[in-house]
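K.L.:
Need the 3D shape of this:
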Amino acid sequence: MTHDVIILGGGPNGLATALALGGRVLPRCLRVLLLDQKHPSAPSQDSRGTALTLATQAMLRVLGVWNDLSPLACEMRDVVVTDGDEIGDGKKPRLTLTTEAGRQAAASMVENSKLHQVLVEAVLRSPEITVLGGFQFERFETTSAKIEVTDTIGRSYRAPLLVAADGRNSRVRQQLGTKTTAHDYGQTALGFSIAIEKPHLGRAEEHFTSKGVLAVLPLQGLAASIVWGTSPEHAAELMALSDHDFDAALQVQMGDHLGAITLSSRRQAFPVVMQIANELIGPRIALLGDAAHAIHPLAGLGLNLGFKDAAALADCVVAACLRGGDIGSPTVLEYYQALRRFDTLSTSWAMDGLNGLFVNDNPVLQPLRKFGLRMVDQVSGLKSAIMNQAGGQSQNTPRLMRGLLPG
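P.N.:
Numbering: from 1, shown residues only. From the prediction side, this is the model:
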């Protein structure tokens, strides 16, 4: 079989990249081979949720999946921020961000498992995309015109371009020898969904404490997605609790304003780290998503950052196709890296700075944080600007994220 692009990794970023290059978007779709350890059509076990920005929604609309996904998503109309170690309903809002009447919310929450399923269905409907599961990556070899990818049982596939969307522990990145800049925050985040008793009214909550961040994010219906960041020791204790006792522990932290809460998914625990690849490209290789960058989850931007990678890569590859050029050439890949380098670094360090500012018990910083949040809360124009910026759309964003065809 002959392919134009091989994508290694069948998560949301890999699936979106396949649709951007081989779906029904382009006049002449590229022939895409999507490889993963398991077949992407297998049900996702990811119990976390993602806040899809307006820019990401625009991209998904062009890719033809937003109409299927939007009924499953919930607009985040308001964001409430607290600061301190108070528990329950004793938390005092320090900042409230509200979407103006008549405007679309900057982001909508959706469960990752549902997002994955919608993307998979669109990929399987695309005749130019071939999906193979059971692929255990072994190595790659590059020639002047092609890259060859081989698995552990000797199967090999060739294409002019390899997209490595194979996660934080990317085997492709490791074989490239690409170094990373990493920082361990000494925190563990628990991700899961809950059923609630009272309507959330589209309100998201970000509760900063000295141990981490407790985020309560609205899902469709009487449900919410939770990210509970805490110390590794406390996280281990929480993971060891029965569902009933865990519900009780979370209820103490959240309070009763959403009524009784119960777990509605399995709990996942993952270390909170920042990890940025020093190079986003290699010979005929583009790193994408978590293979290129993992950032602090406090603003829920990680998956959106990966979608922006996919959109930028589509711009570069499609432009090369229109010129009749080599889509895996150094020129194309260096352009992709130039487009993504600054945004990746600036977003990563911004999340790092926010975590350092809010997640600590420094007595000097506490009054400064409260003063800063209070001042922002009192300036309506600034709050509107923050909400607009959170949507992720600007003239510098890739064409897909502005609702345009790539190229």
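
K.L.:
Residues contacting stretch 239-249, please?
P.N.:
Taking contacts as Cβ atoms under 8 Å, 6 or more residues apart in numbering, the residues outside stretch 239-249 that touch it are 190, 238, 261-263, 267, 269. Any C-beta I mention is one placed from the backbone N, CA and C, and that applies to glycine too.

K.L.:
The same query, at a cut-off of 6 Å, please.
P.N.:
With Cβ atoms under 6 Å, 6 or more residues apart in numbering as the test, stretch 239-249 has contacts from 262-263, 269.

K.L.:
Pull out the buried residues from that stretch.
P.N.:
Within stretch 239-249, the residues that qualify as buried are 246-247, counting by 16 or more other Cβ atoms under 10 Å.

K.L.:
Pull that stretch out as PDB, backbone CA atoms only.
P.N.:
Once side chains and other backbone atoms are set aside, the C-alpha atoms of stretch 239-249 remain, and they are given as PDB (Å, rounded to 0.1, in the frame of the first residue of the first chain):
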ATOM      1  CA  MET A 239      -7.500   6.400  45.000                       C
ATOM      2  CA  ALA A 240      -7.600   3.800  47.700                       C
ATOM      3  CA  LEU A 241     -11.000   4.800  49.000                       C
ATOM      4  CA  SER A 242     -14.200   3.000  48.100                       C
ATOM      5  CA  ASP A 243     -16.500   4.900  45.800                       C
ATOM      6  CA  HIS A 244     -18.800   5.700  48.700                       C
ATOM      7  CA  ASP A 245     -16.000   7.100  50.800                       C
ATOM      8  CA  PHE A 246     -14.600   9.000  47.900                       C
ATOM      9  CA  ASP A 247     -17.900  10.600  47.200                       C
ATOM     10  CA  ALA A 248     -18.000  11.800  50.900                       C
ATOM     11  CA  ALA A 249     -14.400  13.200  50.700                       C
END
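
K.L.:
before we move on, back to that, quick one: buried ones out of the contacts of stretch 239-249?
P.N.:
The neighbour-count test (16+ other Cβ under 10 Å) marks 263, 269 as buried among those.

K.L.:
Of the contacts of stretch 239-249, which belong to strands?
P.N.:
Of the contacts of stretch 239-249, the ones assigned to strands by DSSP state E are 262-263, 269.

K.L.:
Take those residues and write them to a markdown table, including distance to residue 213 and pLDDT.
P.N.:
Below are the ones in strands among the contacts of stretch 239-249 laid out as a markdown table (distance: Cβ to Cβ, whole Å; pLDDT from 0 to 100):
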| residue | distance to residue 213 | pLDDT |
| --- | --- | --- |
| 262 | 22 | 98 |
| 263 | 19 | 97 |
| 269 | 15 | 95 |
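
K.L.:
Kindly provide the distance from residue 47 to residue 65.
P.N.:
Here residue 47 is placed at a distance of 21 Å from residue 65 (Cβ to Cβ, to the nearest Å).

K.L.:
which residue ranges form the helices in the stretch 301-407 of the chain?
P.N.:
In the stretch 301-407 of the chain, helices defined by DSSP state H, counting those that start in this stretch lie at 302-322, 330-358, 365-377, 380-390, listed in chain order.

K.L.:
Out of the contacts of stretch 239-249, which comes closest to residue 324?
P.N.:
Each of these was checked against residue 324 using Cβ to Cβ; the closest is residue 269, at 49.3 Å.

K.L.:
what's across from the closest one in the sheet?
P.N.:
Beta bridges link residue 269 to residue 190, judged by DSSP bridges.

K.L.:
residues contacting it?
P.N.:
Counting by Cβ under 6 Å, 6+ apart, the residues that residue 269 touches are 188, 190, 235, 239.

K.L.:
From the rest of the structure, what touches the helix or strand where the first one lies?
P.N.:
It stands for residue 188. Of the helices and strands defined by DSSP states H and E, residue 188 is found in strand 180-196. Identification of contacts with strand 180-196 by Cβ under 6 Å, 6+ apart yields 47-48, 212, 222-229, 232, 235, 258-259, 261-265, 267-277, 297.

K.L.:
Buried ones only from those, please, as a PyMOL command.
P.N.:
Paste this into PyMOL to select the buried members of the contacts of strand 180-196, with burial taken from 16+ other Cβ under 10 Å:
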select buried, resi 47+48+212+223+224+225+226+227+228+229+235+258+261+263+264+265+267+269+272+273+274+275+276+277+297
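
K.L.:
What's the local residue count around the closest residue to residue 259 other than its chain neighbours?
P.N.:
Leaving aside its sequence neighbours, residue 259 sits nearest to residue 197 (Cβ to Cβ, 6 or more residues apart in numbering; 2.6 Å). When neighbours are counted by other Cβ atoms under 10 Å, residue 197 registers 11.
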